[in-house]
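>>> Give me a 3D structure for the following:
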Amino acid sequence: MVQITLPDGSQRDFPAAVTVAEVAASIGAGLAKAALAGKVDGKMVDTSTLIESDASLAIITAKDTDGLEIIRHSTAHLLAYAVKELFPKAQVTIGPVIENGFFYDFSFERPFTMDDLASIEKRMAELASKDEPILRRVLPRDEAVAYFKGLGEHYKAEIIASIPVNEDVSLYREGTFEDLCRGPHVPSTGKLKHFKLMKVAGAYWRGDHRNEMLQRIYGTAWASKDDLAAHLTMLEEAEKRDHRKLGQQLDLFHIDDHAPGVVFWHPKGWAVWQAVEQYMRQVYRDNGYQEVKGPQLLDKSLWEKTGHWEKYRDNMFTTESEKREYALKPMNCPGHILIFKQGIKSYRDLPLRYGEFGQCHRNEPSGGLHGIMRVRGFTQDDGHIFCTEDQILKECADYTALLQKVYADFGFKNIIYKIATRPEKRIGSDESWDKAEHALMESLRASGCEFEITPGEGAFYGPKIEYTLKDAIGRQWQCGTIQVDFFMTERLDAEYVGEDGARHRPVMLHRAIVGSLERFIGILIEETAGALPTWLAPVQIAVLNITDAQAEYARGVAKTLQNQGFRVDLDLRNEKITYKIREHSMQKLPYLLIVGDKEMASGAVAVRARGGRDLGVMSVEDFLQEATSDIARKSNS
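Predicted coordinates:
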């Protein structure tokens, strides 16, 4: 007798061992058809898995997050199956699930083309329509190595050879294709209906640039036709909003091979940068932060003390002078501790808040660079709060409230909150971790925030809150963070004199709101499709004359606006006014002021707002009031 306990607490008895599929069938024909896998005592398994003793069981369908992941994993195998059918000489390597889809890496004698991808996708659909069963078998490691070598699949053989000798490995077969995999997989290829291949890119074998360059085919897979269509529509919208294209169209920045991963800011782009930085600088001033500036180059010995040299060395740019080794800083925190250590600090000085627009450099792999979103040189709105353990709660609550206001000003009101708790390998006492995690949770509760916990995802030196933005088309961007650190002040021997007259270690809170300014500006560009709100727009107003007769008046209007602090473009070109309006509209300017003879005679301007809205004729003073109010509204403009 085998007793199965279902998620609702109900129990079903079977006279003998039973498969997951048989349990699903006993519940109903609809569930039997929808079943993709099972979760037996918390472990994901195939529907063919035999349950031989009492167990809890959840039937996994496409409606479950786990079910969608299984669909994507199985679709990656279907991709490899189709490639081997069409291109028998191609060698398969690995094919994992990624966000919204999957990829598979292949070694092949020539580059795959977009026509190849269309053929592969068509073959995938044909194989799926066959509804071939996906069957699992287990082989000893050495037997599996020999099996794949015999097939000429040397990459698979190399992967299996890296597994310990005494371990068995599982293989999954569908039709004529068999692949190494832990599983689970959908029961048959007929479950895979809603997918699309997206692109092909290069990827080094095992991520090592010294190895062969493979071809990585990316795809997406979904549980329903509607879900796939919605995702493809979102991707089309994201393509229109691509900050790299808009950066070029709006003349904001460029990336150059002479400095890979570092941004060349053009005048308009730098105006956006300055608007963001000066806003954040005011945030520093209004919230008790003292702005500091640390050096770019720091001696190797400092990074050895903090542990970065051991853990982060490959991502650091280094140089040597007079037989001393230095590193460009990849983060600002050690420099802030060195500033804290100058002079004796008392408990009365705490909390002490330092802020810096610190330029950092990290040697990211060239394949991972992406416009201004993923770079090697970036600037953070970096802050560090030195405090006592008893002050953690208030500082975190105040920080969350501040972050919410800042994000709202930038137009983001949908924030996802996650708390990453203690990992297995960590420093500090359990008592300190208890206090820090409790403070982080209570700080979010005090701010009225619902949050999820990601167990074991904290840094080895302390837990953290991660703040993720959700943009206009549903994408998520992890930006802000606050981390509790018991470790670095001890490593660098920072201390303060307590009320008891003894020496104590301060707790260090690492916090950033926008994070990398480069990345955040990229997010803003994509969020707004380049139509930045007036307070951030690189050019806020363009003044256009109709004929040369209004040139001097137009100059005067532009000068008046500039004197009030507006960023103004004066266009006196001898072009048709319709041409000038169209050209400036393409630059997504918030306001166009047109001046002809009538406007000049009455000391007025004809105002057009972004989107072709005609605000009519008004005096320069009235327009100034309108534009000033617009800027004061920030993102609500």
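>>> Which helix or strand contains the residue nearest to the spatial centre of the chain?
Centroid check for the chain by C-alpha atoms, centre = their mean gives W477 as the closest residue, at 4.5 Å. With secondary structure defined by DSSP states H and E, W477 is part of strand 476-485.
>>> Beyond that strand, next helix or strand please.
Towards the C-terminus, the helix or strand next in line after strand 476-485, according to DSSP H and E, is helix 488-491.
>>> What helices and strands are in contact with that following helix?
helix 300-306, helix 333-340, strand 507-516 (3 or more C-beta pairs under 8 Å, 6 or more residues apart in numbering; DSSP states H and E). Glycine gets a C-beta too; all of them are placed from N, C-alpha and C.
>>> and for whichever helix or strand comes after it, what are the contacting residues?
Going down the chain from helix 488-491, the next helix or strand is strand 496-497, by DSSP H and E. Residues external to strand 496-497 that are found in contact with it (C-beta atoms under 8 Å, 6 or more residues apart in numbering): I344, K345, S346, Y347, D349, L350, F386, R503, H504, P506.
>>> Which single one of those is nearest to R110?
R110 lies nearest to F386 out of those, by C-beta to C-beta, at 58.8 Å.
>>> Grab the nearest non-local neighbour of the residue nearest to the centre of the chain.
Setting aside the residues directly before and after it, W477 is nearest to L469 in space (C-beta to C-beta, 6 or more residues apart in numbering), at 4.7 Å.
>>> contacting residues around the one helix or strand that neighbour maps to?
When elements are assigned from DSSP H and E, L469 belongs to strand 464-470. Outside of strand 464-470, the residues within contact range by C-beta under 8 Å, 6+ apart are 396, 400, 403, 407, 412, 414-420, 440, 443-444, 451, 458, 476-484, 510, 523.
>>> who's in contact with the residue lying closest to I482 once chain neighbours are set aside?
By the measure of C-beta to C-beta, 6+ apart, the closest residue to I482 outside its immediate chain neighbours is R511, 4.3 Å from it. Contact partners of R511, counting by C-beta under 8 Å, 6+ apart, are G383, H384, I385, Y399, G480, T481, I482, Q483.
>>> Out of the helices and strands packed on helix 488-491, flag the one nearest G28.
It is, among those and with distance given as C-beta to C-beta, strand 507-516, at 48.8 Å.
>>> Show the subsequent helix or strand relative to that closest one.
In the C-terminal direction from strand 507-516 (assignment by DSSP H and E), the next one is helix 517-528.
>>> Kindly format the C-alpha coordinates of that following helix as CSV.
Output for helix 517-528, consisting of C-alpha atoms alone and laid out as CSV, is shown next (Å, rounded to 0.1, in the frame of the first residue of the first chain):
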residue,chain,number,x,y,z
LEU,A,517,24.4,56.3,-12.9
GLU,A,518,25.2,55.0,-16.4
ARG,A,519,22.9,52.1,-16.0
PHE,A,520,20.1,54.1,-14.3
ILE,A,521,20.2,56.7,-17.2
GLY,A,522,19.9,53.8,-19.6
ILE,A,523,16.9,52.5,-17.7
LEU,A,524,15.4,56.0,-17.8
ILE,A,525,15.9,56.3,-21.5
GLU,A,526,14.2,52.9,-22.1
GLU,A,527,11.4,53.7,-19.6
THR,A,528,10.5,56.9,-21.3
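>>> could you dump the worst-scoring helix or strand of the chain on mean pLDDT to CSV, C-alpha only?
Across the helices and strands of the chain, the lowest-confidence element by mean pLDDT, DSSP states H and E is helix 308-312, at a mean of 85. Coordinates of the C-alpha atoms in helix 308-312 are reproduced here as CSV (Å, rounded to 0.1, in the frame of the first residue of the first chain):
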residue,chain,number,x,y,z
HIS,A,308,38.8,41.7,-2.5
TRP,A,309,42.2,40.8,-3.8
GLU,A,310,41.5,37.1,-3.2
LYS,A,311,37.9,37.1,-4.2
TYR,A,312,37.7,39.8,-6.9
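>>> Tell me which residues of it come out buried.
Neighbour-count burial for helix 308-312, with 16 or more other C-beta atoms under 10 Å as criterion, is recorded at H308, W309, Y312.
>>> Count residues in the vicinity of the residue lying closest to the second one once chain neighbours are set aside, would you?
Going back to what we said before, that points to W309. Residue nearest to W309 in three dimensions, not counting chain neighbours: W303, with 4.2 Å by C-beta to C-beta, 6+ apart. Around W303 there are 23 other residues, counting by other C-beta atoms under 10 Å.
>>> ok, W303 - contacts?
When the contact criterion is C-beta under 8 Å, 6+ apart, the partners of W303 are W309, Y312, R313, M316, A327, P334.
>>> Among the residues you listed, list the two that are farthest apart in space.
Of all the pairs that the contacts of W303 form, the one spanning the most space (C-beta to C-beta) is R313 and P334, at 14.6 Å.
>>> In terms of neighbours, single out the busier of those two.
In this comparison of R313 against P334, neighbours counted by other C-beta under 10 Å, the higher total goes to P334 at 18 against 14.
>>> got a list of what the more buried one touches?
With contacts defined as C-beta under 8 Å, 6+ apart, the neighbours of P334 are L298, L302, W303, T306, H308, M488, L492.
>>> which of those residues lies closest to A229?
Proximity of the contacts of P334 to A229 (C-beta to C-beta) peaks at H308, which lies at 46.2 Å.
>>> That closest one contacts T318, correct?
No: at 11.8 Å, H308 and T318 do not qualify as touching, with contact defined as C-beta atoms under 8 Å.
>>> So what's the residue count around Y104?
Counted with other C-beta under 10 Å, the neighbours of Y104 add up to 24.
>>> whoops, L352 was the one
For L352, using other C-beta under 10 Å, the count is 18.
>>> Let me know the pLDDT of it.
Per-residue confidence (pLDDT) for L352: 97.
>>> do the same with R633
On pLDDT, R633 comes in at 89.
>>> Alpha carbons only: can I get stretch 625-636 in CSV?
Below are the C-alpha coordinates for stretch 625-636, written out as CSV (Å, rounded to 0.1, in the frame of the first residue of the first chain):
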residue,chain,number,x,y,z
GLN,A,625,5.3,79.8,-14.9
GLU,A,626,4.0,76.8,-16.9
ALA,A,627,7.5,75.3,-17.5
THR,A,628,8.6,76.0,-13.9
SER,A,629,5.5,74.1,-12.6
ASP,A,630,6.2,71.3,-15.0
ILE,A,631,9.7,70.8,-13.6
ALA,A,632,8.5,71.0,-10.0
ARG,A,633,6.1,68.1,-10.8
LYS,A,634,9.2,66.0,-11.8
SER,A,635,8.0,62.7,-13.4
ASN,A,636,4.4,63.7,-13.4
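>>> Perfect, that will be all.
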